[in-house]
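J.: okay, here's the prediction I keep looking at, along with the sequence it came from:
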Amino acid sequence: MVIIIILVLFVSISIYNWFTLLKSSGTLERIVYFSLTFISFVILILHSFDVKIPSPTNGIKFVIESFFESIKEY
Amino acid sequence: MKNTKKNTVTFREGILSVTLFAYGSSAVMGINLRIEQDAWIAILAAAVITIPFFLIYSRIIVLFREKNLYEISEILLGKIGGKIVSALLTWYCIHLAALVIRNFSEFIQISSMPETPQIPIAIILMLTSAYLASSNMRSVGKWSVVCIFIIFFLMIFTFAASIKHFKIDDILPIMEYPLKKIVMSSILVVSFPYLETVVFLCIGETLKKDCKPHRVHLYSLSLMVIMFLMVFFRNITLLGRKMMEISYYPSYLTARIIEVGGFATRMEGSISLNFLIGGITKIVVCIMAAANGLKSIFNFANYRTMVLPSALFALALSTILYSNTMEMYNFIKYYAIYAMPFQIVIPIILWIAGEIYTRKKNKAPLN
């Protein structure tokens, strides 16, 4: 069900924006638009298939813990 | 963003949108600092610590009127330096939007829809916010004016309705916790939510030219303090110290036990409305700022094309941020350090560079 919701969301948004906002925009604008949209789509689809995607939170925690070890105890 | 009258906010709208933004997710998460009854001291101390930073933010706006932080960084740090700073700030805005989306989807799932997956809830939140973000800042300003009155009404109503249940003993003894712990807790409040208002600098050009930014910041800080103190005192006197400490959503829990004369009961729905209004405002501002950042990095003519991709990216990010609610609350202490470069370091660098730049610029015609 979640996969269908995601598919409907992305297809409808892309079609709507293609005929409105992206109609008059440049190539670079379209590249950035579709790159971000595609990355988001992949993350959401993988997540809905229960594929474990590395979270930025873990990276942030790792970096901070390596500088401020005492933060773990707070 | 085009600098038209349509896209600027007035003094009053500025104050209320900054207040609503800060109220956003901190209302749902609660000011839960693990110092029980001493949290009010941390809220006040945090406000005092925040004042110099708010004055720095205001000074940046005064030095570069009708410019946003991305444009300012390009003027001061050059093209490459400016783009790097813009990319960092854009990431922060998207990440903050994702954090808020996750806070709310988690809250809705725990409080009222335990069987529903979080993605559909997050999609609805994201679409509403993206719609508002793709209009203009004036609409957000007007939305804030209307919504803050709803929030204030509900807050005062729940506060008044719970007065008869207040147990004053719960806020005593004062300063039970060591000063070091109170200071550490106030630093958490500084970073979340007070200094998150740095995001407004990324859409700084939307403040009307005749508005005094320091007044906008200080008035909104005063409003935030009043709101947080009201919420804190209501929650602690009603729930008690231990109960407030262990509950994930103390305001929601408080609303569940408030009843007025036996007929107005189960007011948690109204509290949820309060949370959502604040949350949507926060997500909208973050998405607008992120879209503005992308516009600045890639030199686009308009920020509107980037609203939906930014919102979608924030949505996708929100799904992978945490694996459970405990992890979400645990991240707050890391967030205080993580947000420091965006909230403190970058603005201070730009402020110092801005002062030097302006002085040089003013001296130039004389030479």
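T.: Sure thing, it's come through. The structure displayed is predicted, hence computed values, not measured ones. Numbering: from 1, shown residues only, chains lettered A, B, ... in the order given.
J.: and the next element down the chain from the longest helix seen in chain B?
T.: In chain B, taking DSSP state H as the definition, the longest helix is helix B:69-111. Later in the chain than helix B:69-111, the nearest helix or strand by DSSP states H and E is helix B:118-133.
J.: from the chain's centroid, how far away is that following helix?
T.: Helix B:118-133 has its C-alpha centroid displaced from the chain centroid by 17 Å (CA atoms, centre = their mean, to the nearest Å).
J.: list the contacts of that helix.
T.: Helix B:118-133 is contacted from outside by A:2, A:5-6, A:9, A:44, A:47-48, B:97, B:101-102, B:104-106, B:108-109, B:113, B:139-140, B:143, B:279-280, B:283-284, B:287-288, B:291, B:307-308, B:311-312, B:314-315, B:318-319, using CB atoms under 8 Å, 6 or more residues apart in numbering or on different chains. Where C-beta positions appear, they are placed from N, C-alpha and C, glycine not excepted.
J.: output the contacting helices and strands for the longest helix of chain B.
T.: helix B:11-29, helix B:118-133, helix B:268-297, helix B:307-320, helix B:325-338, helix B:346-363 (3 or more CB pairs under 8 Å, 6 or more residues apart in numbering or on different chains; DSSP states H and E).
J.: can you name the residues of the stretch 101-250 of chain B that neighbour chain A?
T.: B:117, B:119-120, B:123, B:184 (CB under 8 Å from any CB of the partner chain).
J.: buried members of those into PyMOL, please.
T.: Restricted to buried positions by 16 or more other CB atoms under 10 Å in any protein chain shown, the PyMOL selection for these reads:
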select buried, chain B and resi 119+120+123+184
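J.: point out where the stretch 251-367 of chain B drops to low pLDDT.
T.: Regions of the stretch 251-367 of chain B meeting the criterion pLDDT under 70 cover residues B:262-265, B:365-367.
J.: which bits of it sit near chain A?
T.: Residues of the stretch 251-367 of chain B lying near chain A (CB under 8 Å from any CB): B:294, B:298, B:300, B:304-306, B:308-310, B:312-313, B:315-317, B:319-323, B:327, B:331, B:333-334, B:337-338.
J.: of these, just the buried ones, PyMOL syntax please.
T.: Selection of the buried residues among these in PyMOL, burial being defined by 16+ other CB under 10 Å:
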select buried, chain B and resi 294+300+304+305+306+308+309+310+312+313+315+316+317+319+320+321+322+331+333+334+337+338
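J.: coming back round to it: and the helices and strands packed on helix B:69-111: which comes nearest B:Arg256?
T.: Nearest to B:Arg256 among the helices and strands packed on helix B:69-111 is helix B:268-297 (4.9 Å), distances taken as CB to CB.
J.: for that closest one, packing partners?
T.: Helix B:268-297 packs on helix B:11-29, helix B:69-111, helix B:118-133, helix B:137-162, helix B:250-257, helix B:307-320, going by 3+ CB pairs under 8 Å, 6+ apart.
J.: now with 10 Å?
T.: For helix B:268-297, the elements it packs on are helix A:27-48, helix B:11-29, helix B:69-111, helix B:118-133, helix B:137-162, helix B:213-239, helix B:250-257, helix B:307-320, judged by 3 or more CB pairs under 10 Å, 6 or more residues apart in numbering or on different chains; DSSP states H and E.
J.: so which of the ones you listed is nearest B:Glu36?
T.: Closest among these, once you apply CB to CB, is helix B:213-239, at 7.6 Å.
J.: and the angle for that closest one with helix B:250-257?
T.: Here the directions of helix B:213-239 and helix B:250-257 differ by 50 degrees (axes from the mean of the first three to the mean of the last three CA atoms, to 10 degrees).
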